[in-house]
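>>> Turn this into a model:
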Amino acid sequence: MTRLDKFFGIIAVLLLSACASNNEVAEVRRFNEPRFDNMAPIELNVSKIEIVSEFTPSFTRPNVEHLFPVSIEKTARIWATDRLEAVDFASNRVAEFIIKDASVTEEEVKASQLFYKDSLKYRATLSVVLKISSDNGQSSAQTSIEAWRELTMPIDTSIENKEKYWNEMVQKLFEEFNVRMEQNINQYLNMYVKNNNTVYEY
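Next comes the predicted model:
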């Protein structure tokens, strides 16, 4: 083999290694956070919307939200960005979208019968407060919601299947959250929703 042949052989190996590395990077993001920008925004009579997270992952079990391919906290931020819109820039009111909890816990459940497999039980919790206040700091109104879902799978489930089920869990959590949060806003903050003339009796 000539030096030129060796040179091209080395280049080929490097190119193959680069392609493999790129594929591995692409494989890491098999799942993406859901988007809500295909829905009509909820127009609020406020000058701006602030997104705040008070949730801090512990990175220790039983909390496992950091293992999920799709982040509940990040998805909550995306929801607020996609669905909430400030439309009264002359107002002295500000809307705060506060993420209180975006956790997932894991619990090992022993099989109740002989020869049955143990299982893992996951609980995802999303707790959010939407508060509308005047610029002098006095709270005008707020609504809160806590959405959760649970999922159980065999303890020997592969990581690939775990991520698939976790992703579906988050998707369903936000399907519920999206519906309930919009209902809460229209019911409890209806006076701050543009063109909302609905009157609720309590």
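>>> Could you use CA atoms for every contact and neighbour count after this?
OK.
>>> State the mean pLDDT of the helix of greatest length in the chain.
In the chain, assigned by DSSP state H, the helix with the most residues is helix 159-188. Averaging pLDDT along helix 159-188 gives 97.
>>> Go through it and flag the buried ones.
Residues 162-163, 165-167, 169-171, 173-174, 177-178, 181, 184-187 are the ones in helix 159-188 that count as buried (16 or more other C-alpha atoms under 10 Å).
>>> which helices and strands does it pack with?
strand 139-154 (3 or more C-alpha pairs under 8 Å, 6 or more residues apart in numbering; DSSP states H and E).
>>> Now do the strand it packs on against helix 159-188, angle only.
Calculated by axes from the mean of the first three to the mean of the last three C-alpha atoms, to 10 degrees, strand 139-154 forms an angle of 150 degrees with helix 159-188.
>>> pretty sure residue 134 contacts residue 94?
Yes - at 6.3 Å, residue 134 counts as touching residue 94 under the criterion of C-alpha atoms under 8 Å.
>>> higher neighbour count, these two?
Ranked by neighbour count (other C-alpha atoms under 10 Å), residue 134 and residue 94 place residue 94 first, with 24 against 16.
>>> so what's the more buried one up against?
Residue 94 makes contact with 46, 47, 48, 49, 50, 132, 133, 134, 135, according to C-alpha atoms under 8 Å, 6 or more residues apart in numbering.
>>> one step back: the longest helix of the chain: how far from the chain's middle?
Relative to its chain's centre, helix 159-188 lies at 8 Å (C-alpha atoms, centre = their mean, to the nearest Å).
>>> now swap in stretch 67-84 and tell me
The answer for stretch 67-84 is 3 Å, by C-alpha atoms, centre = their mean.
>>> Other residues contacting it?
By C-alpha under 8 Å, 6+ apart, the surrounding residues in contact with stretch 67-84 are 29, 31-37, 39-44, 49, 51, 53, 55, 65, 97, 99, 101-103, 126, 163, 166-167, 170, 178.
>>> Name the residues of it that are buried.
68-73, 75-84.
>>> got it, and stretch 147-157?
147, 148, 149, 153, 154.
>>> Put the buried members of the contacts of residue 94 into a ChimeraX selection.
To isolate the buried ones among these in ChimeraX, judged by 16+ other C-alpha under 10 Å, type:
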select :46,47,48,49,132,133,134
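>>> From the contacts of residue 94, which land in strands?
Judged by DSSP state E, strands contain the following of these: 48, 49, 50, 132, 133, 134.
>>> Between which two of the residues you listed is the distance greatest?
50 and 134 (13.1 Å; C-alpha to C-alpha).
>>> show me the contacts for residue 119.
Residues in contact with residue 119, defined by C-alpha under 8 Å, 6+ apart, are 108, 109, 110, 111, 152, 153, 154, 155, 156.
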